[in-house]
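**Q** Fold the following for me, if possible:
(4 chains)
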Protein chains: 2
Amino acid sequence: MANPSAECSIQQTLDVIGDRWMLLIIRNLFRGARRFGELEEDLGIAKNLLAARLNKLVGAGIAERVPYQDRPVRHEYLLTQKGRDLSPSLVALMKWGDRWCNEGSAPTVLVHADCGTPLMQVTHCPTCDDSLDPGQIRSRPGPGAQEALR
Amino acid sequence: MANPSAECSIQQTLDVIGDRWMLLIIRNLFRGARRFGELEEDLGIAKNLLAARLNKLVGAGIAERVPYQDRPVRHEYLLTQKGRDLSPSLVALMKWGDRWCNEGSAPTVLVHADCGTPLMQVTHCPTCDDSLDPGQIRSRPGPGAQEALR
DNA sequence: CATAGTCGGTTGCAAAAATAAACTGACTCA
DNA sequence: TGAGTCAGTTTATTTTTGCAACCGACTATG
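**A** All right, here's what the predicted structure looks like:
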């Protein structure tokens, strides 16, 4: 094994989406962007990088390439379930930015589609039926662990 | 403004901790690593990069450098509140990796320090008092927005 | 006392990645 | 016919990374 932390899911996640552009592209896909030019313009990313990243996203099964016209064939990019499942990560990163980069004033807020209420994200203990702060969280090796990770 | 998404908290967050190493370093600080050599060995990161990243973390107020000996002065690195507040982001990324990179078998699980129960992370609507999935989440400009971000 | 080892870096260099800009190919529209 | 659009690809330049060697202050060993 290359390094002692390779078994960690955080590491594996970052191997896939942990570069400078991936999460921003995914964020824009969440916001409804679908086309190459749309992503390019909004993100200000170089075309070659965007092409490479989109290929990686499709290869990883996070987005899918769907044709939206022929002559010439043009595709749009849609998040798969795997991609949509990154929502909590983006929400968490956004919340952190709201609090620590914008003094609590959120440039964008996430709301419940049904009722419009701004949402909260919480770590929850099903046994105690309570929400926790970081000091109450411990990590320990799970069923897939090869070695103690503390 | 350089690019249209600059106002977004996700962007600002990634500007600070969005490179290949930052979140891994922070993860190890969460796990109790404190010293330069400890981080270096566990992560397999080059010394110069680790030094640069730790300086950036300290500069950003995410970690603090605390002397643990004199002759010669040596420091250890501890997460600040700002750093500890990245916990939900790391949890969310870890959960995603558990599900999509390890077929649901978690190499590391997070448990409630008090009762040992594995934890859940949920997006919660305070009005409806219910947890939501991504399809029920919409983003809209908040109080700090300069422009419509959809 | 000399020598080796540890710890936490810094420096220099080659390789890899990001960026910017020009170019391509298949089409549409005037 | 000619310009424009869209989705890339290619090429050249700049920046970042990764690796290895070195450094300075000390400690431990013979």
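
**Q** what's the spacing between the least confident helix or strand in chain A by mean pLDDT and its chain's center?
**A** Within chain A, no helix or strand scores below strand A:137-141, which has a mean of 76 by mean pLDDT, DSSP states H and E. Between the centre of strand A:137-141 and the centre of its chain there are 23 Å (C-alpha atoms, centre = their mean, to the nearest Å).

**Q** is any part of that strand close to chain B?
**A** Yes. Judged by C-beta under 8 Å from any C-beta of the partner chain, strand A:137-141 comes into contact with chain B through A:137, A:138, A:139, A:140, A:141. Where you see a C-beta, it was placed from the backbone N, CA and C, and this is true even at glycine.

**Q** list the contacts for the second one?
**A** The contact partners of residue A:138, by C-beta atoms under 8 Å, 6 or more residues apart in numbering or on different chains, come to B:110, B:111, B:112, B:113.

**Q** same deal with residue A:53?
**A** Here residue A:53 is in contact with A:19, A:21, A:22, A:25, A:45 (criterion: C-beta under 8 Å, 6+ apart).

**Q** now do residue A:120
**A** The neighbours of residue A:120, taking C-beta under 8 Å, 6+ apart as the test, are B:123, B:124, B:125, B:126.

**Q** what's the angle from the helix with the most length in chain A to helix B:87-101?
**A** Longest helix in chain A by number of residues (criterion: DSSP state H): helix A:87-101. With axes from the mean of the first three to the mean of the last three C-alpha atoms, to 10 degrees applied, the angle from helix A:87-101 to helix B:87-101 works out at 160 degrees.

**Q** Report the separation between residue A:127 and residue A:133.
**A** Separation of residue A:127 from residue A:133 (C-beta to C-beta, to the nearest Å): 17 Å.

**Q** Next, give phi and psi for residue A:57.
**A** Backbone torsions of residue A:57, given as degrees, to the nearest 10, read phi -60, psi -40.

**Q** again with residue A:112
**A** Per degrees, to the nearest 10, the backbone of residue A:112 is at phi -70, psi 120.

**Q** show me what contacts it?
**A** Each residue near residue A:112 by C-beta under 8 Å, 6+ apart is listed here: A:119, B:125, B:127, B:128, B:132, B:136, B:137, B:138.

**Q** Wait, a strand at the third one?
**A** No. Using DSSP: H, G, I helix; E, B strand; the rest coil, the secondary structure at residue B:127 is coil, not a strand.
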